[in-house]
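K.L.:
below is the structure, and that's it, no one-letter string:
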């Protein structure tokens, strides 16, 4: 019989002690809930970003990919830092579209989310409703992911240039595919407008995230 140790109400074998102690520390360190942030923070961040955009341009930010482990299991999701800095949304399959020159003022700031499905939520957990996303991000216009294609296409044709938050760094494998399930339109706007410039994300974006906003 293995001698059993008790560590914070978890019974473990001696050879597993180090692993479980680290695992418990990981849970309490990284899975802590925080109080809701003031949406004015993200409104200010979006304004700082928009002020650096070229006239007539559109910016499209999408969340990071979900990475599988085995079968249908997934690693813990980590949101794209740029998207979180601009919206405060940590949910996967999320997009942000900033088009300050859109003739329809309603669609100058658009947050795109997965449509909640109560059946899937039994396995995948809660998904944000439109009212919850508005309160968190300060963005009034919420669009479901399964309807964005019909809206995004004309916006792209109206824009003079597109900013995409592509992962551009010297150490990233160039042949590494990036698939975003349900978001194939992230690359398709570029294909539909071959003469359009795609400068990537403005240089102000990474620098802006490193600056703390003034507290009020």
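P.N.:
Arrived safely. Bear in mind the structure is a predicted one, so any value in this text is a computation, not a measurement.

K.L.:
going forward, measure contacts between C-alpha atoms and count neighbours the same way
P.N.:
Will do.

K.L.:
ok, the closest residue to residue 91 other than its chain neighbours - contacts?
P.N.:
Spatial nearest neighbour of residue 91, excluding adjacent residues (CA to CA, 6 or more residues apart in numbering): residue 79 at 7.1 Å. For residue 79, the contact set (CA atoms under 8 Å, 6 or more residues apart in numbering) comprises 63, 64, 90, 91, 92.

K.L.:
now, those that are in helices?
P.N.:
When DSSP state H is applied, the contacts of residue 79 are split such that none fall in helices.

K.L.:
from residue 52, how far off is the residue nearest to residue 91?
P.N.:
Distance of residue 79 to residue 52, given as CA to CA, to the nearest Å: 23 Å.

K.L.:
check residue 149 too.
P.N.:
26 Å.

K.L.:
so between the two, which is more surrounded?
P.N.:
Taking neighbours as other CA atoms under 10 Å, residue 149 and residue 52 compare with residue 149 leading, 15 against 12.

K.L.:
and stretch 108-128, average pLDDT?
P.N.:
Mean pLDDT, taken over the full extent of stretch 108-128, equals 93.

K.L.:
closest to residue 73 out of the contacts of residue 79?
P.N.:
residue 92 (14.8 Å; CA to CA).

K.L.:
please verify my assumption that the closest one contacts residue 74.
P.N.:
No - using CA atoms under 8 Å, residue 92 is not in contact with residue 74, being 11.9 Å away.

K.L.:
and the residue nearest to residue 91, which of the three is it?
P.N.:
Here residue 79 is recorded as coil under DSSP: H, G, I helix; E, B strand; the rest coil.

K.L.:
just the pLDDT for it.
P.N.:
For residue 79, the predicted pLDDT is 89.

K.L.:
same thing with the one 5 residues further on?
P.N.:
The score at residue 84 is 94. That number is its pLDDT.
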